[in-house]
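Chemist: have a look at this fold, sequence not included:
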């Protein structure tokens, strides 16, 4: 059902109050090989929303109009419907397919069309929807893999009704519009015992067993109230004890699929879910966006020698959470991990009273449970450069520093760029002739968005 003249097979128009049901349908269509325009996936931060919608309609072969009481009360959905009807008033080339979600009265302008009855979400009606989509004789290009062999991880999440906010390689889980973050006193950190790899993971470990390099780490066991994430709800984090070679083995396993863990995850999908109580080893890391005393956001360029994301520009620092073993002091909680990372990589002390845990998500290509923080330091950008050169204990990962003015306009400009071009404030330990340009770390722009959302109260 491909048409060479259109970028999308389906544009889905719906009321945001029906999002949960429509999301399931969109994911099912996409898993079945349809090219779906769905606002959660297609409208990115910084996009002009109305223009993005108009272009999506222009590039779509069919409009699935999710009819409901909520939709008929939504001027936004009506605007989308009017555009589609205007472009093809007879509905014989680009097709509008009404899909009925509830018993709301259907307006006369839509009664002339037969609808798909999605009130019970039956397989019979889903087949009718597929049959109604415009088709052409043009076959899809072969990828060498059977369709649906490696289900998209976002689709896997959505099938389980987990809300997502995606930025590059970071998937933030269960973010509510009014979310403002946790303080340290609102987060409880609990041990759940030793991690015992399940049978299939043991096979992975055997293939990638190493004699050295294992470091004591915590792994995520459960996020006990993940769906809540409101302003005042305490958070319980349960973790288990393990070693770095667990996540190292998974990373190597995913490298067999061109640095894409999706095939490996998909092969064990039943064991991977529910994500909040998954038996997988999710290495825990703190990702800290730092605001300086002179209101600038700290950027750090990763060394070309690191194995994961070499040469990328990061926003602030990342630190793996470390557990206590003989002769190795561990992190008492995830906030302690963030503070240790800032001290080791920059030689700075965080303001613990103003540090917020603002995002919980997954860094998919690194098999990590990633916690985004916004933190403040007293030092100015000039002082930070000096302290970094003089006091930073861990100089292996970071080779350069730079800064973005902590203003919405400057942050949006950075978000719009595919890579970072250093400013006149940049400083490097590689020498004056080093090329400091570089692409963003996969979670860097998620941290910039967290700044806009939680500090500036905007998107």
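Modeler: Received the coordinates, thanks. Everything quoted here is computed from the prediction, not taken from an experiment.

Chemist: residue boundaries of the helices in the stretch 201-350 of the chain?
Modeler: 244-255, 262-267, 269-272, 334-346 (DSSP state H, counting those that start in this stretch).

Chemist: can you pull the contacts of residue 400?
Modeler: 300, 301, 422, 426, 427, 428, 429, 430, 434, 436 (Cβ atoms under 8 Å, 6 or more residues apart in numbering). For the C-beta atoms, the positions are set from N, CA and C on the backbone; glycine is no exception.

Chemist: what number of residues are in the vicinity of residue 57?
Modeler: Applying other Cβ atoms under 10 Å, we find 20 residues neighbouring residue 57.

Chemist: just use 37 as the starting number from now, easier for me
Modeler: Okay, residue one is now 37; in that scheme the one you just asked about reads as residue 93.

Chemist: got the phi and psi for residue 317?
Modeler: Note on residue 317: its backbone torsions stand at phi -80, psi 110 [degrees, to the nearest 10].

Chemist: isn't it right up against residue 284?
Modeler: No. The pair residue 317 / residue 284 is not scored as a contact, 9.9 Å apart, by Cβ atoms under 8 Å.

Chemist: give me the more crowded residue out of these two.
Modeler: Higher neighbour count among residue 317 and residue 284: residue 317, with 29 against 21, using other Cβ under 10 Å.

Chemist: mind listing what the closest residue in space to that one that isn't next to it in sequence touches?
Modeler: Using Cβ to Cβ, 6 or more residues apart in numbering and skipping residues adjacent in sequence, the residue nearest residue 317 is residue 282, 4.0 Å away. For residue 282, the contact set (Cβ under 8 Å, 6+ apart) comprises 231, 233, 237, 241, 253, 255, 317, 319.

Chemist: out of the residues you listed, which sit inside strands?
Modeler: 253, 255, 319 (DSSP state E).

Chemist: domains in this structure, by residue range?
Modeler: Domain segmentation of the chain under automatic domain parsing yields 44-174, 194-490.

Chemist: using CSV, please lay out those domains together with mean pLDDT.
Modeler: CSV is the format used below for the domains of the chain (pLDDT from 0 to 100):
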stretch, mean pLDDT
domain 44-174, 80
domain 194-490, 79
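
Chemist: and the gap between the closest residue to residue 348 other than its chain neighbours and residue 376?
Modeler: Closest residue in space to residue 348, ignoring its immediate chain neighbours: residue 477 at 4.1 Å, by Cβ to Cβ, 6+ apart. Going from residue 477 to residue 376 by Cβ to Cβ, to the nearest Å gives 19 Å.

Chemist: follow-up on the earlier one: my read is that the residue nearest to residue 348 contacts residue 345, right?
Modeler: Yes. Look at residue 477 against residue 345 with Cβ under 8 Å: they come within range, at 5.4 Å.

Chemist: what sits in contact with each of those two?
Modeler: Joint contacts of residue 477 and residue 345 (Cβ under 8 Å, 6+ apart) are residue 338.

Chemist: ok, these two, which is more surrounded?
Modeler: residue 477 (27 against 22).

Chemist: give me the element the spatially most central residue of the chain is part of.
Modeler: Residue closest to the average C-alpha location in the chain (Cα atoms, centre = their mean): residue 207, at 1.8 Å. Residue 207 is part of strand 206-209, with elements assigned from DSSP states H and E.

Chemist: strand partners (parallel or antiparallel) of that strand?
Modeler: strand 200-203 (antiparallel), strand 392-399 (antiparallel) (DSSP bridges).
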